[in-house]
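Visitor: Fold the following.
(chains A, B and C)
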Amino acid sequence: MVTIPAFLILAVVIFGIGAVGVLISRNIIVLFMCVELMLNAANLALIAFSRALNIMDGHAFVFLVLAVAAAEAAVGLAILITIFRNRETINIDRFDMLKW
Amino acid sequence: MISLDTIIFAVSALVAVFGAVMMIGQRNPVASVLYFIVSLVAQAVLYIQLGALFLGAILIIVYAGAIMVLFLFVIMLLNLRGQEDLGGRGPSIGRFSKYLLVTLLVIELAMVVKSSVLPNADVTGISSMVASDFGSVAGVAELLFGKYLYPFELASVLLLAAIVGAVVMAGREKAGDTSAATKPESTSSGSSIGGAGD
Amino acid sequence: MTEYLFLVPILPLAGFLVNGLLLGRLPRPVVSFLACAPVGLSFLLSVLLFFELKELPPDARVIEQVLFPWISSGSFLANIGFLLDPLSAVMILVVTCVGFVIHLYSIGYMHHDPCFGRYFAFLNLFMFSMLTLVLADNFLFMFVGWEGVGLCSYLLIGFWFEKKSASDAGKKAFIVNRIGDFGFLIGMFIIFWQVGSLDFRVVMEAAPTVFVAGGALITAACILLFMGAIGKSAQIPLYVWLPDAMEGPTPVSALIHAATMVTAGVYMIARSNVLYLLAPDALLVVAIVGALTAIFAATIGLAQNDIKRVLAYSTVSQLGYMFLACGVAAFGAGIFHLMTHAFFKALLFLAAGSVIHAMSGEQDMRKMGGMRRHVPVTYITMLIAALTIAGIPGLSGFFSKDEILWKAFSSPYGHPVLWVIGFLTAGLTAFYMFRLIYLTFHGKGRMDAHTREHLHESPKSMTVPLMVLAVLSVVGGWIGIPHLFGVTNFFERWMAPVMSGAGHDAASHAPAAGGGDTGMEVGLMVATVILVLVAILAARKVYGQTPELSTRLREKTPHLHRLLFNKYYVDEIYGAVIVRPLVNMSIFLWKIVDVLIIDGLINGFATIYDDISQLLRTGQTGRVRSYATVFVAGVVALVAYFLLG
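Guide: Model (predicted):
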């Protein structure tokens, strides 16, 4: 029997993988995708809670999170395109001009 | 006795994690995207197992179908094939400490989960009794247009702003082939009546 | 007339302000007039006030004028007030008379100097300060004048400040004075502490009851006040500034360092005679210091070649006489000698100035000689002054010096040893004075041809003051002729009320102390005169008739001569023992404490912050991933906190 905490822990694990990805990858595209992964993990947790508490508010929450994730991906990628035009690189470590 | 639920859960969980892990270290970004989609599909199965029928569908349609396609478009636009030398892998001590940190985080969050108190959580799980229209479109719609009307409308404004921003930023000064990068966005608008992309 | 008392010091102050503020840019005659007129008016006023004072009965000969309260804090009250009694009347007469004469002299002497206006402005400021000093009615206001004359001394000694030796001398004078002033201040504090006021009349009345006669407090106070006098009046050990002060213009030396400022210490002690009579130990100190200084300075004067230096040491020596007088409770005699000394010492300096003027600036006596033919008026007046200081009977110096010697012998506070020291000093004085006369005015001229051509007598503006002072030197003593000649000692009678009766009685009406009375007095007088004549003849022989004798004398006693010529190396000793360690300590404090420690500490703080910032800067890598890592670390910590807490 699958209990809700199992789902939650799965969500935590996926979140952790996403976090590792964000910290490790130098490719901006992959970085973005890891961020999306983290968002997804949160969504999963929300759905699980929603089931546990037998209310649908979690679903509505996830819906809106999806919308926001989409918007953020779009704008982020637009920015990526812009800076790629200047720098011809997607190595995030190259974009370090805001330093001391 | 291992029920079907458990098997489905286990398989989906494994696939999701597998896809996520494989996504990270790929040289070719297109491969990363594809692995992510695999993970997403697995997660959709988990959603459905939890009774979120509508959202499971939406996840596939919007996320895997639109957002990931957007990523692919951008990758293709920038002509990235993974040939770029991303300059070595850095000092492993840094990477190790990051692994360590995240592991700590996961452990802590797991502890949080363990210490939480949920009604019926450890007893029934996904076999708990829920309303018949739990997770249906009508149910979600009722909430979105009722209780959460303001956030809903604001979300659509947000999407509008995103569109405008993306167009302005990514567009060139002269007429160019920019619309391709932003078109999928307009179709993935989560506006009103659960619009499906085309 | 009494309401114009305050004008006596204020008029010269006005002269100072006008000349000073206009920077003496007015034409010379105007500046001279503006400077001399106030002093002349002050002199006239002093004379009128003197006569007015004379009208009053002897017991009540006091005119007081309080302008306004200066400090009124709690129970302490110090006024800006002026007190005219017999003592201060004598002082203002002397100061304004000699001051006026010297002002006139300066018009001619400083004629070629570009800073004419500045000179007279300072001179007027000095007159103001000195008159304030002698007219003040309380210790604090007197101290204002005291400091003022010190300031003017500095300004005028270093008048030609472009010359390093002159500005150094000015600094030396001021600094050495300061040491004395420290003692003066502590003495004043003790008096105020015990009596509760610094007003002269209050203190003198209360002192016998407040202080234990012969007690530690009053003795300490008196000795400390005397310390101020040591500094101001150039006694041992603080006399070193006076010879160097000769760097200033000669009229300045005459006025400040002969006639007036250096006598301020004597005046102060005379004014405080009530206090000193309560502290016999302090009187003894005063007498001993005075006597030792007198003979010590006289020996140095024997070997000096600069004409002004000889006169400077002579001043120190004569001041020693005055303090000797005060130290044996013969305050009146001390003031009497102050008065006569003002006349003849000013005359000596002004005449020396005339000689220097004639010699186109040369001051070394070895380069002079035979001047009497070229500057006859100067010669005669200077000769009169020399006879006076030596103590030839009939001249003023004789009466005043003799009074002191007699009192040193006979006063209950005196002692025959003190008399012996004074006696020997009188001989030395005569000797070095006539050495000066013979070297300068007699014999063959030793100056070079160029100077010889330019020898000329000084203008009237310089010689007339000389003549005036010569007359005063002769007749000035006739008001103090001792009883034994059968005439009333006017001076003593005049000063009696001020000398609280005690000094008057103690010193002059107790002939029993020294044994015998008139006979003894005459005997001592005759002995002194004989010694003086012998000294003069000796000087004539050594320096006048056979000049080679002086050279042979010097060769026979090279060490002694060198010791005397180098003023017993006192300046060098002071330099090594006092100045050098102070300078080294200052350098230490500067280099080590200030630069190394304090600056190092402050800069160290700044450097620490700099280094911390450098360290913190490295956190701003500009790389998103490191920021994200830190972010995650923060989240981990936060969650842990909530988990565990």
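
Visitor: For chain B, what lies in contact range of chain C?
Guide: Residues of chain B lying close to chain C by C-beta under 8 Å from any C-beta of the partner chain are B:97-98, B:101-102, B:104-105, B:108-109, B:111-112, B:115. Where C-beta positions appear, they are placed from N, C-alpha and C, glycine not excepted.

Visitor: out of these, which are buried?
Guide: With burial judged by 16 or more other C-beta atoms under 10 Å in any protein chain shown, the buried subset of those is B:98, B:101-102, B:104-105, B:108-109.

Visitor: Could you restrict these to the ones contacting chain A?
Guide: Near chain A, by the rule C-beta under 8 Å from any C-beta, you find B:98, B:101-102, B:105, B:109 out of these.

Visitor: Show me the contact partners of stretch C:480-499.
Guide: Applying C-beta atoms under 8 Å, 6 or more residues apart in numbering or on different chains, the contact partners of stretch C:480-499 are C:58-59, C:61, C:85-87, C:90, C:270, C:273, C:331-332, C:335-336, C:399-400, C:402-403, C:406, C:479, C:504, C:508, C:518, C:521-522.

Visitor: Where does the closest residue to residue A:45 other than its chain neighbours fall, secondary structure wise?
Guide: If the residues on either side of it in the chain are set aside, residue A:45 comes closest to residue A:11, at 4.0 Å by C-beta to C-beta, 6 or more residues apart in numbering or on different chains. Element membership for residue A:11, per DSSP states H and E: helix A:4-24.

Visitor: Residue A:49 too?
Guide: If you go by DSSP H and E, residue A:49 is part of helix A:28-53.

Visitor: Please, which helix or strand holds the closest residue to residue B:5 other than its chain neighbours?
Guide: Using C-beta to C-beta, 6+ apart and skipping residues adjacent in sequence, the residue nearest residue B:5 is residue A:2, 5.3 Å away. Counting by DSSP H and E, no helix or strand carries residue A:2.

Visitor: what number of residues lie near residue A:2?
Guide: 22 (other C-beta atoms under 10 Å in any protein chain shown).

Visitor: ok, residue C:200 - contacts?
Guide: C:83, C:137-139, C:271.

Visitor: Among the residues you listed, which are located in helices?
Guide: C:139, C:271 (DSSP state H).

Visitor: Max pairwise distance over the contacts of residue C:200: which two?
Guide: C:83 and C:139 (11.7 Å; C-beta to C-beta).

Visitor: Let's test this: mean pLDDT of stretch C:342-362, rounded?
Guide: The average pLDDT for stretch C:342-362 rounds to 88.

Visitor: Show me what counts as buried in that stretch.
Guide: C:342-359, C:362.

Visitor: Just want to check the distance between residue C:339 and residue C:241.
Guide: 24 Å (C-beta to C-beta, to the nearest Å).

Visitor: hmm, back to that, dump the contacts of residue C:200 into CSV; add distance to residue C:591 as well.
Guide: Formatted as CSV, the contacts of residue C:200 follow (distance: C-beta to C-beta, whole Å):
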residue, distance to residue C:591
C:83, 51
C:137, 49
C:138, 45
C:139, 42
C:271, 47
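
Visitor: Can you tell me which of the contacts of residue C:200 is closest to chain B?
Guide: The closest of the contacts of residue C:200 to chain B turns out to be residue C:139 (C-beta to the nearest C-beta; 82.0 Å).

Visitor: returning to what we had before: what angle do the helix holding residue A:49 and helix A:4-24 make?
Guide: Helix A:28-53 and helix A:4-24 are oriented at 160 degrees to each other (axes from the mean of the first three to the mean of the last three C-alpha atoms, to 10 degrees).

Visitor: can you pull the buried residues of helix A:28-53?
Guide: In helix A:28-53, counting by 16+ other C-beta under 10 Å, buried: A:28-52.

Visitor: same question, stretch A:88-100
Guide: A:89-90, A:92-95.

Visitor: Could you check the pLDDT of residue B:122?
Guide: 55.

Visitor: Pull the number of nearby residues for residue A:20.
Guide: 23.

Visitor: cool, the one 5 residues further on as well?
Guide: For residue A:25, the neighbour count with other C-beta under 10 Å is 23.

Visitor: From residue C:29, how far off is it?
Guide: Going from residue A:25 to residue C:29 by C-beta to C-beta gives 101 Å.

Visitor: What's the mean pLDDT across the longest helix anywhere in chain B?
Guide: For chain B, the longest helix by residue count, based on DSSP H, is helix B:92-115. Mean per-residue pLDDT for helix B:92-115: 86.

Visitor: Packing partners of that helix?
Guide: helix A:4-24, helix C:624-644 (3 or more C-beta pairs under 8 Å, 6 or more residues apart in numbering or on different chains; DSSP states H and E).

Visitor: contacts for the helix or strand that comes right after it?
Guide: Per DSSP H and E, helix B:92-115 leads on to helix B:137-145 as the next helix or strand towards the C-terminus. For helix B:137-145, the surrounding residues in contact (C-beta under 8 Å, 6+ apart) are A:56-57, A:59-60, A:63, B:54-55, B:131, B:133, B:152, B:194.

Visitor: For helix B:137-145, give the mean pLDDT please.
Guide: 90.

Visitor: ok, the helix or strand just after that helix near chain A or not?
Guide: With elements assigned by DSSP H and E, the helix or strand that comes after helix B:137-145 is helix B:149-170. Yes. On the criterion C-beta under 8 Å from any C-beta, helix B:149-170 is in touch with chain A at B:151-152, B:155-156, B:158-159, B:161-163, B:165-167, B:169-170.

Visitor: was I right about residue C:115 contacting residue C:156?
Guide: No. Judged on C-beta atoms under 8 Å, residue C:115 makes no contact with residue C:156 at a distance of 11.2 Å.

Visitor: hang on, residue B:169 packs against residue A:79?
Guide: Yes. Residue B:169 is in contact with residue A:79 according to C-beta under 8 Å; the separation is 6.2 Å.

Visitor: Low-confidence stretches in chain A?
Guide: Low-confidence segments of chain A (pLDDT under 70): A:1, A:100.

Visitor: and the longest helix for it?
Guide: Longest helix of chain A, by residue count under DSSP H: helix A:57-87.

Visitor: Find the centremost residue of chain C, please.
Guide: residue C:262 (2.0 Å; C-alpha atoms, centre = their mean).

Visitor: give the contact list for that one.
Guide: So residue C:262 contacts C:232-234, C:242, C:256, C:315, C:319 (C-beta under 8 Å, 6+ apart).
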